[in-house]
Structures are given as C-alpha cells and as structure tokens.
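1. Would you be able to build a 3D model of this:
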Amino acid sequence: MKKIVFNLFSCLLIILLTGCYQHEEKLQLKVGYLPILDHLTLLVSHAQDNDKFEYVDVQPKLFKKWNEMAGALKAGAINAAFILSPLAMDLFEQGVDIHVVLLAHRDGSAITVRKDLVIDSAIDLRGRTIAIPDKKATHTALLNQYLLESGLSLKDVIPKVIAPPNMMKAMQLNKIDAFIVAEPFGAKAQKEGIGKILKLTKDILPHHVECIVVVNHEVLQYPLALQEWLNSLINAGQFIEQDKLENRAQRVAQMTAKIYFPHSEETVEMGLLNPIDRISFADLRPKLKDLKTIMDISIQAGIIKRIDLSAFIYDALDENNLTSPTQ
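-> Numbers count the residues shown, from 1 in each chain. So this is what the prediction gives:
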C-alpha cells in the first residue's frame, strides 16, 4: 500500500512540476524584418516590452532582401515575419502554412525620381527603369495603379528588383530613373538631393495595406503568447503616433536608430515626419476588405494569384483583447 501511495505521489509531483515548467516556458518567436520604417512596431515593441513578456520571447532577425526573408520563412528558420502582403499571399498560395495576424502599418511609401530628370507625372515614367523591392511587392501593384491613371501599365516601364538599401546607390549611379519603396529611403534621397518625391503611395490608394505580420501555423497553438505580442505591437503603434505628434518622433528614433537598423536618428525622424501622415501605425486590425483590395490590384498587375483570404486571415483572437491592457 505504501508503495502505491508513493508512486501516486511521485506521479502527481511530476505532473505538477511539468505543468509549472510548461507555464514558464516562453514561445521563442523568431521574427524577420527589413531595415525599413514599415517595421517600427516590431522594434519599438521589442525595445519596450520584450524583457517584460510572460509568454513570449521575441527575437528580431534583420534581412536586407525580401526573397531572403521569404526563403527563411518557408524553411522554418523564422516562424514569423513583417512581410509584403502580396508576397505573403503568394507564399500562402504555394502551400506555406502562414496566417496574417496584424497589419504592420498603413501607407508609408513613395515614388522617388532622379532629380536631374524631367518627371512630373505618371506619363513621364514611360520607358523609364524603376526599382521595385520585389516583383510580388505591394509597391509593384501600387506602381501599376499609378500608371493606369495615365493609360499606362507595368508593360510601359522597366521594373527592376533591387533591395531597398541599395536603391539610393543605384540612383546615384544613374542605373535607375526612379524607385518605389518604403521609408526612409525616399525621404533620405530627397534630403541628400539625389531624388525628388513624385507621388506618395497614400495618394495613390489612401489608407492602404502594405506590410503585414504573419506567423506560421505552429505559433497559433500559443494563444497567450500571440495575444501578448499583438497587444504590444498595437501599443507600439500608438506610441509611435503619439511620439510623432508630441516629440517629432525623437523617442522612437532614439529607441531604434543604430540599434535595430543602420539609419541615423535624423533619418528615422525625417521618414516619419515628411509629412507627418506619410505612414500610419493606427488601425492595424487585418480586415478582409482591405486585404482584398491589395489582392485585387496585385492580380490586376499580374504578380499573384487569388487566394482564400478567409483562410489566410487568423481572426480567432478576441477582438476586444486586441487593445492596450491598461486602457
């Protein structure tokens, strides 16, 4: 009898200890991002909250090229990413088991043209070499939309895929006539006299989706960790918007510049304030109609195929919990 009681006690102790260990074990979330301001919520969230997270340990992984990050996501080297929405849709269509859980931002890019060229409208882009960050980029679809306004399309220009950090150098060397990319490269080219802003993407398609936050299916098995991280990302977006208004983005710049990417504080501030609504970190819930708009213009541009957005969007989380826990 004593042996039976001892064995039962031992089993109970193991169960309790195992349960405690599982509770304390954090989800190791490896998140891919590029050195662009579109991904600031990841960086601000990490700087402010990662040491305080109870359920998740976020490990940001910097990539220079979109195809490299997409490859890492497919291979399982990372299990989450801040990624171009059409590129993510294409991966999903290929069978990569990822889901969008949040938007990274809205708006935020610009068509920048060489300062020495006479390019004042879409029609002036005919025959020009235009750098895009990836064939399956939101920028490619938005460029096509802009060209359509003047009766042109992507067939009337020469799109050239160049990694965002290399676009300014390519423009300096006269290898391209224009580029469309996320900040801070457009604002920086403008300040350094290399290029001039032709069109902000927010003026092509107001309040548009661009980069989104995706996770692989395994991450969905950790709802507390995912909820904790999403709350932090939304709070980070609110912090960035408030900092733009109250401190001219100085706190965000100090928190991220030369730490998470090579940009200076001045460059970060310039990319967020030129103008102040150039990029938005509010309204980050993924809505089917907004993602459908991006999917439709991407299909029109011929860069992706149609997918089942209802299966792509992960909406099982309680909408009321996607807010600041302090509010």
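
2. okay, now the domains of the chain?
-> The record's domain parsing of the chain by automatic domain parsing lists 29-106+208-290+303-321, 109-203.

3. Which among the ones you listed is found nearest to residue 297?
-> Closest of the domains of the chain to residue 297 is domain 109-203, at 4.4 Å (criterion: Cβ to Cβ). Every residue, glycine included, has its C-beta placed from N, CA and C.

4. and the closest one, average pLDDT?
-> For domain 109-203, mean pLDDT rounds to 97.

5. And it, end to end?
-> From its first residue to its last, domain 109-203 covers 10 Å (Cα to Cα, to the nearest Å).

6. same question, stretch 198-206
-> 16 Å.

7. Provide the contact partners of that stretch at residue level.
-> Contacting residues not belonging to stretch 198-206 are listed as 107-113, 119-122, 139, 142, 145-146, 178, 180, 208, 210, 277-278, 293, 297 [Cβ atoms under 8 Å, 6 or more residues apart in numbering].

8. Quick check: residue 248 touching residue 269?
-> Yes. Contact criterion Cβ atoms under 8 Å: residue 248 and residue 269 qualify, at 6.2 Å.

9. Name the residue in the two with the higher neighbour count.
-> Each of residue 248 and residue 269 has its neighbours counted (other Cβ atoms under 10 Å); residue 269 has more, 23 against 14.

10. Report pLDDT for that one.
-> Reported pLDDT for residue 269: 97.

11. Please identify the buried residues of the helix or strand containing it?
-> Here residue 269, judged by DSSP states H and E, is contained in helix 265-273. By 16 or more other Cβ atoms under 10 Å, the buried positions in helix 265-273 come out as 265, 267-272.

12. Mark which of the contacts of stretch 198-206 are buried, thanks.
-> Using 16+ other Cβ under 10 Å, the buried ones in these are 107-113, 119, 122, 139, 142, 145-146, 178, 180, 208, 210, 278, 293, 297.

13. Going by length in residues, pull out the top helix of the protein.
-> Longest helix of the chain, by residue count under DSSP state H: helix 223-247.

14. And that helix, what does it pack against?
-> strand 27-33, helix 40-49, strand 56-62, strand 98-103, helix 250-256, helix 265-273 (3 or more Cβ pairs under 8 Å, 6 or more residues apart in numbering; DSSP states H and E).

15. pLDDT on that helix, on average?
-> On average, helix 223-247 scores 97.

16. outside of it, which residues touch it?
-> With Cβ under 8 Å, 6+ apart, helix 223-247 has contacts from 26-27, 29, 40-42, 44-45, 48-49, 53-56, 58, 101-102, 105, 213, 215, 219-220, 249-252, 272-273, 276, 280-282, 284, 316-317, 321-325.

17. The stretch 1-150 of the chain: strands as residue ranges?
-> 27-33, 56-62, 80-84, 98-103, 106-107, 109-114, 129-132 (DSSP state E, counting those that start in this stretch).

18. and the nearest residue to residue 256 once chain neighbours are set aside, what does it touch?
-> Nearest non-adjacent residue to residue 256, counting by Cβ to Cβ, 6 or more residues apart in numbering: residue 43, 4.7 Å away. Residue 43 makes contact with 33, 60, 255-256, 259-261, according to Cβ under 8 Å, 6+ apart.

19. separation between residue 43 and residue 270?
-> As judged by Cβ to Cβ, to the nearest Å, residue 43 and residue 270 stand 17 Å apart.

20. now do residue 252
-> Distance from residue 252 to residue 270, by Cβ to Cβ: 12 Å.

21. Then residue 306?
-> On the measure of Cβ to Cβ, residue 306 and residue 270 end up 38 Å apart.

22. Ok, residue 296 next?
-> Residue 296 is 33 Å from residue 270, by Cβ to Cβ.

23. go on, residue 139?
-> 20 Å.

24. What subset of the contacts of helix 223-247 is buried?
-> Buried, going by 16+ other Cβ under 10 Å: 27, 29, 40-42, 44-45, 49, 53, 55-56, 58, 101-102, 105, 213, 215, 219, 249, 251-252, 272, 280-281, 284, 317, 322, out of these.

25. Show me the buried ones among the contacts of stretch 198-206 that map onto helices.
-> 139, 142, 145-146, 293, 297.

26. Tabulate those residues (CSV), appending distance to residue 240.
-> As requested, these are exported to CSV (distance: Cβ to Cβ, whole Å):
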residue, distance to residue 240
139, 21
142, 22
145, 27
146, 27
293, 24
297, 26
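
27. and which of those residues is nearest to residue 64?
-> residue 139 (16.3 Å).

28. burial count for residue 161?
-> Neighbours of residue 161 (other Cβ under 10 Å): 15.

29. Can you say which of the helices and strands packed on helix 223-247 is nearest to residue 86?
-> strand 98-103 (11.9 Å).

30. That closest one - contacts with which helices or strands?
-> helix 85-93, strand 211-216, helix 223-247.

31. Could you single out the most deeply buried of these?
-> strand 211-216 (a mean of 26; mean count of other Cβ atoms under 10 Å).

32. Report the distance from it to the chain centre.
-> 8 Å (Cα atoms, centre = their mean, to the nearest Å).
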